[in-house]
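Engineer: build me a model from this:
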Amino acid sequence: MKSFQIRFSTTVNKALVHCSMLLLALLALSCNEEKDEEAPLVLISAPFENQNFNTIDTLLVTFTATDNERVLSVDIEILDENFQPVGQKYTYLVSDNPLNFGTDFLLDKPQLESGIYYVVVRASDGSNQGSAYRKIWLNAIPLELEGIFVATASFNNVKVYSRPPDSSLWTEHLDRQVDFVGAALNYKQNIFGLAGGELGDAVFYETGEWQPLQTVDGPGFPSLPFFTGLSFSNDVDEFLLLLSEPRLRVYDAFAAGLIGFPLQVEHRPVSAYAIGDKYFVVEKPITNNNYSLATYARPGLLLSFLAVPGPVRGMFAKTPEEVFVWVDGTSGARLSILNTVTNLFSIIFERSGESLKSADRISQNEFVFSTSAGLFRYNFSTGATVVISNSVSPSVVKYESISGLLYTSSATLLQRYTLTGQFAGSESFNQNIRYFGFDYNR
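Structural biologist: This is a model prediction of the structure:
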């Protein structure tokens, strides 16, 4: 009897276990069947395929979105030909099925170049997202030169002026008691930055009313330089502010802070460049006059560090992995190519015995540069060097593409030359010119 009871109890227990497992499996199957895995279907009706717009137009975007349950939100944005966002993404909360949606999408991107772009609409039901694309063509506003900006400085005073390209009348915008270490202009958003070193703050101004948009406090009393440089990269639309800590602070096109990271210890940053997804910082040890070029990945990882024979006067993108580097070397002015993958630093052009003062790009592979021996053009594709002038040796030279003129500065003089060396005009200021730049309409 006892053995029968044991067998009966065991049989019952096994049956209960099997029933429990079957019940759990049915529950799991039921849950899986209830899980929503169907994405909304999006159909764009406007704009139509290959429709033409200007880069400041308002686009009518209409579409339908259907789902097996309910559409809860939609996103609309513009992508470039490489499917990268070129502006703000707009999100709308909804609750409907099917959803018939229409809105006016303000593009307002005058800085965009003409070309193919995409309107993308994404619809979400909370668990899944469906999307649709519509190819459009954007026509850029013709690029025009609107003005020239100049910053002059004496010992503890900086003044900022501007004038239209067809006028000789300069308007004074700023008169600050500060020592100059850097200035930068973002003409796309009309923002001008000015940084002091031992005295004064770094301030970003809106160039219409010249009201401060952002202020980065300096030390407030004479000491070692607090800021050591300020520049703007048109490649990535970012302001680069160097601190003597040493540290690099990065601000976006609207002067809003993005990131900041420490640089090499016991070094002082001299200049910085943002190209592609990397930052290049020229640094000097605090104990000697040697120069180095450090490469940092976003958001501040040190990738490489190599010695350079002198200060870097310009860096320009060559390929996604290579950059042109103009250096004022101890043996002469030189142009090198830095491969950011292999860290190979190759000299491709040199003028022995001449000190390099400034360099700028005319086209992808052509440059203008100033040395102690004169003003020159160099073509990387052909290897040819052309003398623009042996009689001038400006401190800074910049190429203005609309007029096709070279603007140069030396002490208090701002001068203009054609690419063949013909003199095109000159203007003088009461203080030495420390910065000049060009203001365009987009």
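Engineer: where does the stretch 151-300 of the chain have low pLDDT?
Structural biologist: Within the stretch 151-300 of the chain, the stretches with pLDDT under 70 are 220-223.
Engineer: can you rerun that using 90?
Structural biologist: 155-156, 197-200, 218-225, 235, 298-299 (pLDDT under 90).
Engineer: would you give the sheet partners of the helix or strand hosting Ile347, along with the direction of each?
Structural biologist: Assigned by DSSP states H and E, Ile347 falls within strand 345-352. Here strand 345-352 is paired, per DSSP bridges, with strand 332-339 (antiparallel).
Engineer: between the strand or helix carrying Ser370 and strand 332-339, how many degrees?
Structural biologist: For Ser370, the host element (DSSP H and E) is strand 366-371. Put simply, strand 366-371 runs at 140 degrees to strand 332-339, going by axes from the mean of the first three to the mean of the last three Cα atoms, to 10 degrees.
Engineer: how far does the helix or strand following strand 366-371 sit from the chain's center?
Structural biologist: Next helix or strand after strand 366-371 toward the C-terminus (DSSP H and E): strand 374-379. Its chain's C-alpha centre and that of strand 374-379 lie 28 Å apart, by Cα atoms, centre = their mean, to the nearest Å.
Engineer: what residues of the strand holding Ile347 count as buried?
Structural biologist: Across strand 345-352, burial judged by 16 or more other Cβ atoms under 10 Å covers 345, 349-351. (Each C-beta comes from the backbone N, C-alpha and C, glycine too.)
Engineer: tell me the pLDDT of the residue nearest to Pro98 when sequence neighbours are not counted.
Structural biologist: In this structure, Pro98 finds its nearest non-sequential neighbour in Thr66, 4.2 Å apart by Cβ to Cβ, 6 or more residues apart in numbering. Thr66 is assigned a pLDDT of 96 by the prediction.
Engineer: so Thr66 touches Phe101, yeah?
Structural biologist: No. Taking contacts as Cβ atoms under 8 Å, Thr66 lies outside contact range of Phe101: 11.5 Å.
Engineer: among these two, which residue is more densely surrounded?
Structural biologist: Phe101 (20 against 16; other Cβ atoms under 10 Å).
Engineer: how much space between the more buried one and Ser114?
Structural biologist: 29 Å (Cβ to Cβ, to the nearest Å).
Engineer: still on that earlier bit, quickly run through the sheet partners of the strand holding Ser370, with directions.
Structural biologist: Partners of strand 366-371 in its sheet, by DSSP bridges: strand 356-363 (antiparallel), strand 374-379 (antiparallel).
Engineer: what does the first one contact?
Structural biologist: Contacts made with strand 356-363 from outside it, assessed by Cβ atoms under 8 Å, 6 or more residues apart in numbering, are listed as 310, 313-314, 316, 324, 326-329, 332-335, 367-372, 377, 393-399, 419.
Engineer: now the last one
Structural biologist: For strand 374-379, the external contacting residues (Cβ under 8 Å, 6+ apart) are 335, 349, 362, 365-370, 384-394, 397, 406, 408, 417, 419, 421.
Engineer: picking that back up, show me the contacts for the residue nearest to Pro98.
Structural biologist: By Cβ under 8 Å, 6+ apart, the neighbours of Thr66 are 40-41, 97-99.
Engineer: about what we covered before: okay if I get the strands paired with strand 366-371 as a markdown table plus mean neighbour count and distance to Glu283?
Structural biologist: Formatted as a markdown table, the strands paired with strand 366-371 follow (neighbours: other Cβ atoms under 10 Å; distance: least, Cβ to Cβ, whole Å):
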| stretch | mean neighbour count | distance to Glu283 |
| --- | --- | --- |
| strand 356-363 | 20 | 19 |
| strand 374-379 | 20 | 27 |
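Engineer: Leu263 is nearest to which of the ones you listed?
Structural biologist: Set against Leu263 and scored by Cβ to Cβ, those come closest in strand 356-363, at 23.6 Å.
Engineer: got JSON lines for the strands paired with strand 366-371, with mean pLDDT and distance to Val121 too?
Structural biologist: Compiled in JSON lines, the strands paired with strand 366-371 are given as follows (pLDDT from 0 to 100; distance: least, Cβ to Cβ, whole Å):
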{"stretch": "strand 356-363", "mean pLDDT": "97", "distance to Val121": "38"}
{"stretch": "strand 374-379", "mean pLDDT": "98", "distance to Val121": "46"}
